[in-house]
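Engineer: Any chance you could fold what I've pasted below:
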Amino acid sequence: MISANNLVKLDFNNTEIAFRNKSDKDLEKAYWLFKMVSSNALIKIGTPLTNFALKVGLPIQGIIRSTIYKQFCGGESIEDCDRAIEELGQAKVTTILDYSVEGKGAEGSFDANCEEILRTVAYTNRNKHTSFCVFKPTGLGRFDLFAKMDAGEHLSSKEKAEFDRIYKRIDRICKACYDAGHRVLIDAEHSWVQDTIDDIAREMMERYNKNSVIVYNTYQLYRHDKWASLQADFAYAQNQNFYLGAKIVRGAYMEIERARAAEKGYPSPIQANKEACDRDYNQAIQFCLEHINRIGLVAGTHNEESSRLLAEEMIQRGISPRNEHIFFSQLLGMSDNLSFNLAEAGYNVAKYMPYGPVTAVMPYLFRRAQENTSVGGQTNRELELIQKEKERRRRLKS
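Structural biologist: Below is the predicted model of the structure:
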């Protein structure tokens, strides 16, 4: 029987647990990094300047590696991530290895990305601290071809063959996870390529989720239509007798989506306001819990209210914190107060750990920095918690 007393341990303000794997020096670096990220103007100016410096070969990789890269990435290779994975594992947090090198448009780069993702599947076989594999569909095929598919445009025979190769790469990864008994997350992308991704994800779930939840699609609930998509996909899964894998997030491309909608003259797919996004996200949590025997849920969120809602609802519904159908997930280097306190309270927690060569993952890092400045209060919350922990440690030493 699950007791409400389990909630006594869940305190998102407990900075001792949140930062116990960080030295004083690490904490100080994180503080100044979030200070920098909190400056919208600095990020807007710094991003193109850094891109330019890397392009012309200025020696700034060392600075990047010891600051933003160290905060948000595990290493340049899978093996480089060993130490970070082990540290998370010691704190009862699992890892999602995320090869964050984006496709360069050439078939060779897409094949190389596929092979690297398959290596993460093999690594997950031998490391008990990993919980999911993950891939970004446009890392396996040309973005413009996804967009053309979404728009319903005619494909040439060459393009059809190209899309068939993309489909086969995705299927190889999902089948490898199925054969190994590992879960795999299919990341969400921009709205004008997402329908095609959703169609493929649904086919993969129907193929590989007959006996358990292996493949998960991602639902970005900052879009006003994705709450309905989640319900429709579950109805289809029920009808076709397979498990639905649902990773629910708020979303990662809000400013780009709104700008494109305004430029192209179509209604924005983004929710009218934050309240509507929060409402749909929390409704999605409740819906998944109501059908948790047939849904695998990954709650990807840095929102404390949604995290607490899910934790409390699990207790109230008598669902074990260790239920394998439910994971909380945050990004490496962010919201450690959620990740480590949830794990300490007995919940399943997984951290996204991006990795790859410094220059190759810079697009990811720039996007992460820009997202931080656009999420109201997130960076300030990180700074508040770090400052609280610094003061706690000073008191202990005095």
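
Engineer: When you work out contacts or count neighbours from here on, use the C-alpha atoms and nothing else.
Structural biologist: Noted.

Engineer: so Asp150 touches Asp198, yeah?
Structural biologist: No - when contacts are counted by C-alpha atoms under 8 Å, Asp150 is not listed as touching Asp198 (10.4 Å).

Engineer: What's the local residue count around Gly105?
Structural biologist: Per other C-alpha atoms under 10 Å, the neighbour tally for Gly105 reads 15.

Engineer: Output the lowest mean pLDDT helix or strand found in this structure.
Structural biologist: The helix or strand of the chain with the poorest confidence is helix 40-56; it has a mean of 56 (mean pLDDT, DSSP states H and E).

Engineer: which element follows that helix toward the C-terminus?
Structural biologist: Using DSSP states H and E, the helix or strand that directly follows helix 40-56 along the chain is helix 61-66.

Engineer: per-residue confidence for Gly89?
Structural biologist: You'll see Gly89 listed with a pLDDT of 97.

Engineer: and what of Ile64?
Structural biologist: 75.

Engineer: Give the full set of residues in contact with it.
Structural biologist: Val358 (C-alpha atoms under 8 Å, 6 or more residues apart in numbering).

Engineer: Could you do Ala176 as well?
Structural biologist: 118, 121.

Engineer: Flag every buried residue along the helix or strand hosting it.
Structural biologist: Assessed by DSSP H and E, Ala176 sits inside helix 157-180. Burial within helix 157-180, assessed by neighbour count using 16 or more other C-alpha atoms under 10 Å, is assigned to 162-163, 165-167, 169-171, 173-178.

Engineer: Beyond it, next helix or strand please.
Structural biologist: strand 183-186.

Engineer: Just the CA atoms of that next one, as CSV, please.
Structural biologist: Provided in CSV are the C-alpha atoms of strand 183-186 (Å, rounded to 0.1, in the frame of the first residue of the first chain):
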residue,chain,number,x,y,z
ARG,A,183,12.8,1.9,-24.4
VAL,A,184,13.4,4.6,-27.1
LEU,A,185,12.1,8.1,-27.3
ILE,A,186,11.4,9.8,-30.6
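
Engineer: Not counting its own residues, what contacts it?
Structural biologist: With C-alpha under 8 Å, 6+ apart, strand 183-186 has contacts from 131-137, 174, 177, 201, 213-218, 247.

Engineer: What is the helix or strand following that strand packed up against?
Structural biologist: Per DSSP H and E, strand 183-186 leads on to helix 191-208 as the next helix or strand towards the C-terminus. Judged by 3 or more C-alpha pairs under 8 Å, 6 or more residues apart in numbering; DSSP states H and E, the packing partners of helix 191-208 are helix 143-150, helix 157-180, strand 215-220, helix 226-240.

Engineer: Using CSV, list the CA coordinates for helix 191-208.
Structural biologist: What follows is helix 191-208, C-alpha atoms only, in CSV (Å, rounded to 0.1, in the frame of the first residue of the first chain):
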residue,chain,number,x,y,z
SER,A,191,5.2,21.7,-36.4
TRP,A,192,5.7,21.7,-40.2
VAL,A,193,7.5,18.4,-40.1
GLN,A,194,5.8,16.8,-37.1
ASP,A,195,2.8,15.1,-38.8
THR,A,196,5.2,12.9,-40.8
ILE,A,197,7.2,12.1,-37.6
ASP,A,198,3.9,11.3,-35.8
ASP,A,199,2.9,8.9,-38.5
ILE,A,200,6.2,7.1,-38.4
ALA,A,201,6.1,7.0,-34.6
ARG,A,202,2.6,5.5,-34.6
GLU,A,203,3.7,2.8,-37.0
MET,A,204,6.7,2.0,-34.9
MET,A,205,4.6,1.8,-31.7
GLU,A,206,2.1,-0.5,-33.5
ARG,A,207,4.9,-2.7,-34.6
TYR,A,208,7.0,-2.9,-31.5
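
Engineer: Many thanks, I have nothing further to ask.
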